[in-house]
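Asks: below are the sequence and a predicted model for it; my questions follow.
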Amino acid sequence: MDMQTSFLDRLFESGLLIDTGVDGLYGRSGQFEDVISGFERLIGQYGGADGAEAMRFPPGMNRALFEKSGYMKSFPQLAGTVHSFCGSELDHMSLLQCIDAGEEWTKGQEATDIVLTPAACYPLYPTVAKRGPLPNAGALFDLQSYCFRHEPSKDPARQQLFRMREYVCMGTEDHVTAFRQLWMDRGVEMMSKLGLDVVIDVANDPFFGRAGKMMVNNQRDQNLKFELLIPVTSSAKPTACMSFNYHQDSFGQKWGLALEDGSVAHTACVGFGLERIALALFAHHGLEVETWPIAVREALWA
Ligand code: ATP
Ligand code: ZN
């Protein structure tokens, strides 16, 4: 059995994760959630004084805005759409017959106005754009959302529905790149408080297809994405637990985000993978929180 499957089995046995029968879709125990809330408190200790405006969106977003975001161009393989039954009584009858016969019944389902949120920051840009120009000094937002990505896996750190906490910064190039660097430094410090070994490395998003290869190269050449990696099921291939993304002015252009002086806003976001960080802690310190080093428990809960 490989390391990922055996870690997943141990998480199920301990009750920390709850099997639903679908890879990447798990329930969580109270203990698992306590680790996540402890970590979110730690995030607050580092970022709380920065004055970010908090917003919480549901795990579904406006489909028209999702279309405008271009997500389907870059990551069609990951997207999840919400479909519903919109038929007649006759359609309903045949749907039930299909289910009874164990046949495919979802073909008649119709797209709703909602798609599943792929990253916590997606609903933010159009929301902020609607408000009008941003102050020249920039703006900062604090987000958390369940996100969906269709990437079923036996790796417990690769889930289909997981939570992302994000800070998003908008302003000049200097302002948002300084924000990104600040969080890379904070991320390293936070993980060291938690007794976790980290490396930061340049990274890329999983752009789809042949055209995607060029996007990958471009993203890496320009250092647009960094990840903070922590060993979870493998030290040779550590897991991305945070990402630090600089979008240049691409989202500013796309959504019409302008500063008061008329210039196009640059944006950057830093994302914490909350389940991944909890899993890194369980992998490193053991499945029993009571046996974790005192310093780690204090960093989370004192
Ligand atoms: P990966 O390269 O591992 O697929 P990513 O580059 O797609 O990750 P981002 O889009 O930067 O990840 O998402 C921000 C953060 O959300 C990641 O750093 C990670 O911690 C977390 N994350 C991303 N995908 C998943 C997933 N499938 N399950 C759990 N957490 C995830
Ligand atoms: Zn983001």
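Replies: That came through, no problem. Note that this is a predicted model, so its numbers are computed, not measured. Numbers count the residues shown, from 1 in each chain. Ligands and ions are numbered 1, 2, ... in the order given.
Asks: host element of the closest residue to Trp301 other than its chain neighbours?
Replies: Nearest residue to Trp301, sequence neighbours excluded (Cβ to Cβ, 6 or more residues apart in numbering): Gly38, at 5.0 Å. Where you see a C-beta, it was placed from the backbone N, CA and C, and this is true even at glycine. Using DSSP states H and E, Gly38 falls within helix 30-47.
Asks: what's downstream of that helix, the next helix or strand?
Replies: Following helix 30-47 in sequence, per DSSP H and E, is strand 53-55.
Asks: and that next one, which residues are buried?
Replies: Applying a neighbour-count criterion of 16 or more other Cβ atoms under 10 Å, one finds Met55 buried in strand 53-55.
Asks: so the most centrally placed residue in the chain, which state does it fall into?
Replies: Centroid-nearest residue in the chain, with Cα atoms, centre = their mean: Met164, separated by 3.7 Å. Under the three-state scheme (DSSP: H, G, I helix; E, B strand; the rest coil), Met164 adopts strand.
Asks: make residue 1 into 15 and carry on from there
Replies: In the new numbering, first residue 15, that becomes Met178.
Asks: tell me the pLDDT of it.
Replies: Model confidence at Met178, given as pLDDT, is 98.
Asks: what sits opposite it in the beta ladder?
Replies: Ser159, Gly287 (DSSP bridges).
Asks: wait, isn't it in contact with Ile291?
Replies: No - using Cβ atoms under 8 Å, Met178 is not in contact with Ile291; the gap is 10.9 Å.
Asks: sorry, back to before: what does the helix holding Gly52 contact?
Replies: Helix 44-61 is contacted from outside by 29-31, 42, 156, 158, 177, 179, 181, 197, 200, 203-204, 207-208, 286, 288-289, 291-292, 295-296, 303, 313-315, using Cβ atoms under 8 Å, 6 or more residues apart in numbering.
Asks: now the stretch 165-314 of the chain against ligand 1: closest residue?
Replies: Closest to ligand 1 within the stretch 165-314 of the chain is Gly287: 2.0 Å, counting by Cβ to the nearest ligand atom.
Asks: which ones are touching that residue?
Replies: Here Gly287 is in contact with 171, 176-178, 254-257 (Cβ under 8 Å, 6+ apart).
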